[in-house]
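Engineer: Quick one, fold the following:
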Amino acid sequence: MKKFVLASLLALASTGVLAKDLSVIRFGVDPTFAPFESKEPDGQLVGFDIDLGNAICAQLKVKCVWVEIAFDSIIPALKAKKFDGILSAMTVNEKRKENVAFSDKLYSSPNRLIAKSDSGLLPTVESLKGKRVGVAQGSTQEAYVKATWAPHGVTMVSYTNQDLLYPDLVSGRIDATLTDAAVADIGFLQTPRNTGFAFAGDTVQDEKLLGSGIAIGLRKEDQDLINAINGALAEIRKNGTYDEIQKKYFSFDIYN
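Structural biologist: Below is the predicted model of the structure:
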């Protein structure tokens, strides 16, 4: 009998069914990172992360509630229980692991420098010395620039979110920006706002500061919720829902 009960509990966990009653999952999101999360003129939230969150909730048979918040205050708000999880293109790194737990990986997206296509700039200290590089507050890119470039003569300029820095990039108030490649490609480079900008140099990699993937941030004590979300995520990858969603936004497999 005990073996049967244990097997049943393990089966429930693997399919993402919660061990306790739950009717709502509240996700914190900063809707300024298209194509992952953004807001339509009518106020509707759209994007890859939004669709993933809704699919996870559907798999768990719970209601999704989205709580909008600036990215630089999103971890304190999670810990203050203003919502249950962070689903906002959050990169997993060692510093964030000190404060929150993470779900299994949602997807990967490289970090790239954007500059004028004829600027000759590269994502190196030597190339960017004396230049002004814009970053989003609270982002892993901000942490990277602050730690590795700023001490060597690169001026870091932080903005409340990524969208706010593009006008300064276009006007020349900043020389470049380090950001998520998919966000920049769809949210800026492929839009009419782009006036001659392009990716500059290779991807920027630093597992300690820039992390190794995107996941949902969760409170460490909410182990039931972590297990349920991981189970639901595994199921939507298995049943094809994940692939169906990603094909709406990307022409490549963003998971790998």
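
Engineer: residue ranges for the helices of the stretch 101-250 of the chain, please.
Structural biologist: 125-128, 140-144, 162-171, 181-184, 207-210, 223-238, 241-249 (DSSP state H, counting those that start in this stretch).

Engineer: With mean pLDDT added, can I get these in JSON lines?
Structural biologist: As requested, the helices of the stretch 101-250 of the chain are exported to JSON lines (pLDDT from 0 to 100):
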{"stretch": "helix 125-128", "mean pLDDT": "98"}
{"stretch": "helix 140-144", "mean pLDDT": "95"}
{"stretch": "helix 162-171", "mean pLDDT": "95"}
{"stretch": "helix 181-184", "mean pLDDT": "85"}
{"stretch": "helix 207-210", "mean pLDDT": "88"}
{"stretch": "helix 223-238", "mean pLDDT": "98"}
{"stretch": "helix 241-249", "mean pLDDT": "95"}
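
Engineer: Now render the ones you listed as CSV, adding mean neighbour count and distance to residue 113.
Structural biologist: Where you see a C-beta, it was placed from the backbone N, CA and C, and this is true even at glycine. Output for these, formatted as CSV (neighbours: other C-beta atoms under 10 Å; distance: least, C-beta to C-beta, whole Å):
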stretch, mean neighbour count, distance to residue 113
helix 125-128, 16, 8
helix 140-144, 23, 10
helix 162-171, 18, 11
helix 181-184, 22, 9
helix 207-210, 16, 13
helix 223-238, 19, 31
helix 241-249, 15, 23
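
Engineer: Determine which of these approaches residue 22 most closely.
Structural biologist: Comparing the helices of the stretch 101-250 of the chain by their distance to residue 22 (C-beta to C-beta), the top pick is helix 223-238, with 7.5 Å.

Engineer: circling back to that earlier point, nearest approach to residue 97 belongs to which of the helices of the stretch 101-250 of the chain?
Structural biologist: Closest among the helices of the stretch 101-250 of the chain, once you apply C-beta to C-beta, is helix 207-210, at 11.1 Å.

Engineer: Counting by contacts, list what that closest one packs against.
Structural biologist: helix 140-144 (3 or more C-beta pairs under 8 Å, 6 or more residues apart in numbering; DSSP states H and E).

Engineer: Keeping just the C-alphas, turn the helix it packs on into CSV.
Structural biologist: Only the C-alpha atoms of helix 140-144 are listed here, as CSV (Å, rounded to 0.1, in the frame of the first residue of the first chain):
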residue,chain,number,x,y,z
THR,A,140,22.6,40.7,-16.1
GLN,A,141,24.0,42.9,-18.9
GLU,A,142,24.2,45.8,-16.4
ALA,A,143,26.1,43.6,-13.9
TYR,A,144,28.5,42.5,-16.6
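
Engineer: Contacts for it next, please.
Structural biologist: Helix 140-144 has contacts (C-beta atoms under 8 Å, 6 or more residues apart in numbering) with 91, 93, 95, 111, 135-136, 156, 158, 178-180, 204, 206, 209-211.

Engineer: Alright, calling it a day.
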